[in-house]
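Q: no sequence for this one, just the structure:
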């Protein structure tokens, strides 16, 4: 009986809907890791590169915060090439920043924003629950 449940949809031309892969991005930016980043990401496959995007939340977790943690929101687009390269574009408050990193568990690289010095950014990706 179980076999028919698997074979019947194939014979009728009915296939289950494909689900986009979802990931959770977690990271720390800044020389002292003073900015915490998080974003739920949804994927779209494009050849050998996987492209992800989602809403970005940045939270200042440094010790110099006086009126509670500063928070910023925006968007992030991530591209994974092969198993060891990540590039990303972050858009926060109208400012577009770029990131390029290598996977060394976590991904490590530099976040570059216009008119500012590049800062370190560490990023972890995990399957979304």
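A: On my side now, so go ahead. Since we're looking at a predicted model, the values are computed, not measured.
Q: For residue 101, see how far away residue 84 is.
A: From residue 84 over to residue 101 the distance is 9 Å, taken as CB to CB, to the nearest Å. (C-beta placed from N, C-alpha, C; glycine too.)
Q: which one of those two has more residues nearby?
A: residue 101 (21 against 11; other CB atoms under 10 Å).
Q: and that one, that's in a helix?
A: No: using DSSP: H, G, I helix; E, B strand; the rest coil, the secondary structure at residue 101 is strand, not a helix.
Q: looking at it, it is touching residue 124, isn't it?
A: No: using CB atoms under 8 Å as the test, residue 101 is too far from residue 124 to be in contact (11.0 Å).
Q: in stretch 107-122, what counts as buried?
A: 107, 109, 111, 119, 121, 122 (16 or more other CB atoms under 10 Å).
Q: Next: stretch 91-108.
A: Those buried within stretch 91-108 under the rule 16+ other CB under 10 Å are 92, 97, 99, 101, 103, 106, 107.
Q: cool, and stretch 54-68?
A: Applying 16+ other CB under 10 Å to stretch 54-68 flags 54, 56, 57, 58, 60 as buried.
Q: Now for this structure, the helix or strand with the poorest mean pLDDT.
A: In the chain, the helix or strand scored least confidently by mean pLDDT, DSSP states H and E is helix 2-12, which has a mean of 35.
Q: so after that one, what's the next helix or strand?
A: Going down the chain from helix 2-12, the next helix or strand is strand 22-29, by DSSP states H and E.
Q: and that following strand, what does it pack onto?
A: If you count contacts as 3 or more CB pairs under 8 Å, 6 or more residues apart in numbering; DSSP states H and E, strand 22-29 packs onto strand 35-46, strand 49-60, strand 119-127.
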